[in-house]
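In: Based on what follows, work out the 3D shape:
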Amino acid sequence: WPAFWMLKDAEVGLPEVDIIEVLTHNPNYLYTTVHYGHTWSDYSSYGWLNINLPDLSADFHTYGVELSDESLTWFFDGKKIGRIFKNDYWLERCTDLFIIINLAIGGWEIEPDESTIWPAYFECDWMKVWQLDD
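Out: Predicted structure coming up:
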């Protein structure tokens with residue numbers, strides 16, 4: 001499944017901010033969330049947004065997230081699609097995040113089988129990052 005996300009600590013894997021995740025068996029659904037905690041055996045998720053959209057694999061789109069001192073706001077093709085307000089715990093943890101863009105196989109998504117179409121692609125035409133003014 002294609003994913004565009006951010007991490008603070010690659011070793012721990014948390015916090016994780018999912019800008020987009022799209023399951024290949026359901027290309028009309030966009031998933032976003034924040035996972036936080038000290039370890040994956042002791043974590044919570046906050047702000048699941050499951051948005052039903054046209055087939056996301058049919059064309060290029062723009063995705064974004066704005067991380068401010070008070071909230072996270074997600075965007076799809078320039079329009080706000082969701083916003084969550086930070087709680088005290090993950091407010092202090094969601095800093096100095098790095099970006100990951102990847103195409104995963106298996107795991108959370110359905111495992112590949114004989115009906116899986118290969119090769120699989122996740123094309124990124126461009127990416128931009130901005131810093132908000134203080």
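In: who's sitting farthest from the centroid in the protein?
Out: Distance from the centre of the chain peaks at residue 114, with 28.0 Å (Cα atoms, centre = their mean).
In: What helix or strand is that one located in?
Out: Using DSSP states H and E, residue 114 sits in no helix or strand.
In: tell me the contacts of the spatially most central residue of the chain?
Out: Per Cα atoms, centre = their mean, the C-alpha nearest to the average position across the chain is that of residue 18, at 2.1 Å. Residue 18 sits next to 3, 4, 5, 31, 32, 33, 34, 35 when contact means Cβ atoms under 8 Å, 6 or more residues apart in numbering. Where C-beta positions appear, they are placed from N, C-alpha and C, glycine not excepted.
In: Include distance to residue 121, neighbour count and secondary structure when you put these into CSV, please.
Out: Shown next, in CSV, are those (distance: Cβ to Cβ, whole Å; neighbours: other Cβ atoms under 10 Å; DSSP: H, G, I helix; E, B strand; the rest coil):
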residue, distance to residue 121, neighbour count, secondary structure
3, 14, 19, strand
4, 14, 21, strand
5, 18, 20, strand
31, 19, 17, strand
32, 21, 24, strand
33, 24, 21, strand
34, 27, 23, strand
35, 26, 19, strand
